[in-house]
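Q: What follows is a predicted structure for the sequence shown.
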Amino acid sequence: MSKGHRVRLDFSVRTQFPSLRQSVRGVGLTYLDSAATTLKPQQVVDRVQKFLLIEAANVHRGAYALSDQATENFETVRKKVATFLGAQRPEEVVFTYGTTDGLNLLAHSLGETVLKKGDVVVLSEMEHHANLVPWHLLKERLQIELQFIPVTDQGDLDLEAAERILKNPKVKVLSLVYCSNTLGTVNDVAKLFAMCRERGILTICDAAQAVAAMKVDVQKLSADFLVFSGHKLFGPYGVGVLYGRWDLLETLKPFRGGGSMIEAVSLDHSSYLPPPYRFEAGTPNIEGVIGLGESLDFLSDLKWADIAQHEDDILLHATQQIESISGVRIIGRPQLRKNVLPLSFEWGHPSDVSQLLDQQGIAVRSGHLCTQPLLKRFGLSAVLRVSFSLYSNREDVDQLVRGLKKSKELLS
Ligand SMILES: Cc1ncc(COP(=O)(O)O)c(C=O)c1O
């Protein structure tokens, strides 16, 4: 798509996603699982294919033109990501294999440098397992303490409790989800991170869900670190980004060792390159990075305000339509919700309902959604999650509502 061409989100953008033109179980696909992974626009797939078919070469070791070009293209994406996030320099962008990988890197490396026994790491009750388990591992290794910002009945963070918790001088790190993958809650990360900055607490933002829904700016958020996955941003799998403030990245030890991240190696000692290469051991997912760059180009043809307006309209329409069906409960009523509705039903288990929806070509997710503690907080072990993205439309919602009504008839 040409630069500067503004896409009408309700129509033109859908044509960019070939996946939406297929039939599943004999009916047109209704894709309502974008929180699990976004669909991929044609231009991203074309770009990845071009790299693999024509441009394939390894990066950062070029003695020939193809490899030099691959390196240049790879490093250009680093610059694009830096601009996308409002980073001060491209070297603040580390390529990872995804959000989970970035969080493991941070928990491990902060455990090597910043954190010691007795220090407190603050998380919240609404974290994805990817922002819980790495800290559990660190807790076992280092005897740090974990504390959790509670979630209110509405599905918001309890900000008063958060303030109390953050006053403890033993708190060294706050790692927080920006948009909940289960409730859709948009947390006031900027407010909490500003509080942390005043107190010298390091901040990590899990922006896995946020990056495709809103403008994410690490300066405005006062985020010391931020992570996301390419596949939730219209890009390929197995690639992600860790943003880190340069002065902090410089102090961190590597997470993995191997080729491409060293300055010099002897038989019993290695010295490491500066960031970001220090954290990128081995051959990276080059086509993933190239594809991620293309997904940023795809997004740069759109306006965040248009995306928000469109997605908020779909969410409102879905909320009203679903509320009109008796026997469905929408979990939580957060002050600000994006793209996600978690549902439970009087007439059946979420997994039975999702199976019936699948038979009607409607793709949704059911289960604990990698947030077991959050569901427990609401007295649940599973929900059915409906989630939207910029290519979703009102017809998707209407299909869903018809499907839910049919599942009610069949299961009641
Ligand atoms: C909020 C949140 N954090 C972390 C993750 C983990 O992302 P990935 O599986 O791409 O590493 C997800 C994925 O669903 C998520 O929604």
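A: Yep, it's here.
Q: Help me confirm that Cys196 is found in a strand?
A: No: in this structure, Cys196 is helix, not part of a strand, as judged by DSSP: H, G, I helix; E, B strand; the rest coil.
Q: And for it, the neighbour number?
A: Per other C-beta atoms under 10 Å, the neighbour tally for Cys196 reads 22. To be clear about C-beta, it is placed using only N, CA and C from the backbone, and glycine gets the same treatment.
Q: CA-only coordinates of stretch 54-73 in PDB, if you can.
A: Backbone C-alpha positions of stretch 54-73 (Å, rounded to 0.1, in the frame of the first residue of the first chain) are rendered in PDB as follows:
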ATOM      1  CA  ILE A  54      15.600 -14.000  -2.900                       C
ATOM      2  CA  GLU A  55      17.500 -12.200  -0.100                       C
ATOM      3  CA  ALA A  56      18.200 -15.000   2.400                       C
ATOM      4  CA  ALA A  57      21.700 -14.600   4.000                       C
ATOM      5  CA  ASN A  58      22.900 -14.400   7.500                       C
ATOM      6  CA  VAL A  59      23.400 -11.100   9.200                       C
ATOM      7  CA  HIS A  60      26.400  -9.400  11.000                       C
ATOM      8  CA  ARG A  61      29.000 -11.600   9.300                       C
ATOM      9  CA  GLY A  62      28.900 -10.400   5.800                       C
ATOM     10  CA  ALA A  63      31.800 -10.800   3.400                       C
ATOM     11  CA  TYR A  64      29.500 -10.500   0.400                       C
ATOM     12  CA  ALA A  65      26.800  -8.300  -0.900                       C
ATOM     13  CA  LEU A  66      23.800 -10.400   0.000                       C
ATOM     14  CA  SER A  67      24.800 -10.600   3.600                       C
ATOM     15  CA  ASP A  68      25.600  -6.900   3.800                       C
ATOM     16  CA  GLN A  69      22.100  -6.200   2.400                       C
ATOM     17  CA  ALA A  70      20.500  -8.600   4.900                       C
ATOM     18  CA  THR A  71      22.300  -6.900   7.800                       C
ATOM     19  CA  GLU A  72      21.300  -3.400   6.500                       C
ATOM     20  CA  ASN A  73      17.600  -4.500   6.200                       C
END
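Q: which bits of this structure sit near the ligand?
A: With the criterion set to C-beta under 6 Å from any ligand atom, the chain comes near the ligand through 98-100, 128, 130, 177, 181, 206, 208-209, 229.
Q: ok, which pair from the residues you listed is furthest apart?
A: Spatial extent of the residues of the chain next to the ligand (C-beta to C-beta) is set by the pair Gly98 and Val177 at 14.9 Å.
Q: residues in contact with the residue nearest to Ser19 when sequence neighbours are not counted?
A: Distances taken as C-beta to C-beta, 6 or more residues apart in numbering place Leu39 nearest to Ser19, at 4.7 Å, with adjacent residues excluded. The contact partners of Leu39, taken as C-beta atoms under 8 Å, 6 or more residues apart in numbering, are 17, 19-20, 31, 234, 389, 391.
Q: Generate a ChimeraX selection restricted to the buried subset of these.
A: A single ChimeraX command selects the buried members of the contacts of Leu39 (16 or more other C-beta atoms under 10 Å):
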select :17,20,31,234,389,391
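Q: how about a markdown table for the contacts of Leu39, with secondary structure added?
A: Shown next, in a markdown table, are those (three-state DSSP):
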| residue | secondary structure |
| --- | --- |
| Phe17 | coil |
| Ser19 | helix |
| Leu20 | helix |
| Tyr31 | strand |
| Phe234 | coil |
| Ser389 | coil |
| Tyr391 | coil |
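Q: Now render the contacts of Leu39 as CSV, adding pLDDT.
A: Shown next, in CSV, are those (pLDDT from 0 to 100):
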residue, pLDDT
Phe17, 97
Ser19, 97
Leu20, 97
Tyr31, 98
Phe234, 98
Ser389, 98
Tyr391, 97
